[in-house]
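Trainee: Just to be clear, the model below is a prediction. Sequence and coordinates:
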Amino acid sequence: MRVLITGGSGYVGSRLTYYLLEKFSDLEIINYDISLFGDEHLPKDSDKYKYYKKDIRNSEDFEGVIKKHPVDVVLHLACISNDPSFELDSSLSKSINFECFEDLVKVSKANHVKKFIYASTSSVYGISDNPRVDEEHELKPITDYNTLKAKCEPLLIKHVDNNFHGIVIRPATVCGYSEKMRFDLSVNILTNHAYINNKINIFGGEQYRPNINLNDMCRLYEMLIFKDLKKFNGEIFNAGLQNLKISEIANIVKRVVEKRKSEKVELNFTKSDDLRSYRITSDKIQKILGFNFQFSIEDAVEELCENFKNGNLTDTFNTKFQNIKVLKNKLEKKEFI
């Protein structure tokens, strides 16, 4: 089997790549990514792994790679992720996150790709007081990033048929260790500050955030890559385990780091006008697909602490770990158009 991962150089994509290469000897992976945020962490090319540093907005290049390496599954992760990064250059972000999307679907289908998996986002629901937001909940995205993620979903679903299966995943905020580490995601940010500075600054704290451990994210994509999706063709699934307040997440981080370092971690709360708060339920993916979550937020914090301790994570306040700062720097230097 051969899988093409767009965005395979990113936070989720790179961890998934290493996970799959380590687990399966008969799986070939193609990483199709312009690698805006770096590629020094990637595996070397081999019989099982090929890296194409290319732009998803060029459908001819995309088709050329698929023709050269006939692909069974496309996993579409590539995007300018999160609201602040998107808003640095909304036209650029729109061209990457939305305008080229249907062409990728059409090219994949025309070249006999069997399965197209799209990573949307659980933030398409917007702000909600409902404690159990499921896939039937009305979509009320509050930012352009979320709006365009939502608009891509029907563009995939309208092309599915008996020979071309499509699935939409709406992941919660991902947390945990990756070879391409990000410290601009809530659990990861809090753990970085707690471990390095013995202090966490919490803005607000009452906002709910759904989370999914990166290890479970990889396990889910593994399932979707190998599972016969005929019965689930065109379905949409939430993917998140824990819905906790930011203050609750901070206290988990505090507890784990204090245990690990035998040092006190200080919590400081500041009022915030960030009202984004929502909770999701992932009952559907567990009942219908049979996926079982195995890793928690606490497990993610433990894993991050272990990688701090063993030296895999150093200089972690460097801007290279924050996508918005990397992108802003590249835009100012006109390194990416």
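Mentor: Happy to help now that I have it.

Trainee: Name the spans of the stretch 151-300 of the chain whose pLDDT lies under the cut-off.
Mentor: Within the stretch 151-300 of the chain, no range satisfies pLDDT under 70.

Trainee: Now do the helices in the chain.
Mentor: In the chain, the helices defined using DSSP state H lie at 11-23, 59-68, 83-88, 90-94, 101-110, 144-157, 186-197, 214-226, 246-261, 283-287, 297-309, 323-332.

Trainee: Comparing the ones you listed, which stretch has the densest surroundings?
Mentor: By mean neighbour count, with neighbours taken as mean count of other Cβ atoms under 10 Å, helix 186-197 ranks first of the helices of the chain at a mean of 23. Every residue, glycine included, has its C-beta placed from N, CA and C.

Trainee: Could you list every helix and strand in contact with that one?
Mentor: Under the contact definition 3 or more Cβ pairs under 8 Å, 6 or more residues apart in numbering; DSSP states H and E, helix 186-197 sits against strand 173-175, strand 199-203, strand 208-213, helix 246-261, helix 297-309.

Trainee: buried sites along the second one?
Mentor: In other words, strand 199-203. Buried positions in strand 199-203, judged by neighbour count with 16 or more other Cβ atoms under 10 Å: 200, 202.

Trainee: Tell me which residues are up against that strand.
Mentor: Applying Cβ atoms under 8 Å, 6 or more residues apart in numbering, the external contacts of strand 199-203 come out as 190, 193-194, 246-247, 250, 253-254, 265-272, 274.

Trainee: In its sheet, which strands sit next to that strand, and in what direction?
Mentor: strand 266-270 (parallel) (DSSP bridges).

Trainee: cool, the shortest one as well?
Mentor: Sheet partners assigned to strand 173-175 using DSSP bridges are listed as strand 208-213 (parallel).

Trainee: List of residues touching the partner strand?
Mentor: For strand 208-213, contacts defined as Cβ under 8 Å, 6+ apart pick out 122, 171-176, 186-187, 239-246, 249, 277-280, 293, 295-297, 299-300.

Trainee: please redo it, this time with the cut-off set to 6 Å
Mentor: Under the contact criterion Cβ atoms under 6 Å, 6 or more residues apart in numbering, strand 208-213 has outside partners 122, 171-176, 186, 239-243, 245, 277, 279-280, 295, 297, 299-300.

Trainee: Save the helices and strands packed on helix 186-197 as a markdown table, and put in distance to residue 222 too.
Mentor: Listed next are these as a markdown table, based on distance: least, Cβ to Cβ, whole Å:
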| stretch | distance to residue 222 |
| --- | --- |
| strand 173-175 | 15 |
| strand 199-203 | 33 |
| strand 208-213 | 14 |
| helix 246-261 | 26 |
| helix 297-309 | 18 |
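
Trainee: Figure out which of those is closest to residue 167.
Mentor: Evaluated over the helices and strands packed on helix 186-197, closeness to residue 167 peaks at strand 208-213, with 16.1 Å, by Cβ to Cβ.

Trainee: quick check: angle from that closest one to helix 246-261?
Mentor: 40 degrees (axes from the mean of the first three to the mean of the last three Cα atoms, to 10 degrees).

Trainee: Could you tell me how far strand 208-213 lies from the centre of the chain?
Mentor: Centroid displacement of strand 208-213 relative to its chain, using Cα atoms, centre = their mean, to the nearest Å, is 12 Å.

Trainee: Let me know the angle separating it from helix 297-309.
Mentor: In terms of direction (the same axes, to 10 degrees), strand 208-213 departs from helix 297-309 by 60 degrees.

Trainee: Correct me if wrong: residue 225 contacts residue 73.
Mentor: Yes: using Cβ atoms under 6 Å, residue 225 is in contact with residue 73, at 5.3 Å.

Trainee: Now list whatever residues contact both of the two.
Mentor: Shared contacts of residue 225 and residue 73 (Cβ under 6 Å, 6+ apart): residue 3.

Trainee: before we move on, the earlier item: right, and the helices and strands packed on helix 186-197 - which one's nearest residue 127?
Mentor: Of these, the one closest to residue 127 (Cβ to Cβ) turns out to be strand 208-213, at 9.9 Å.
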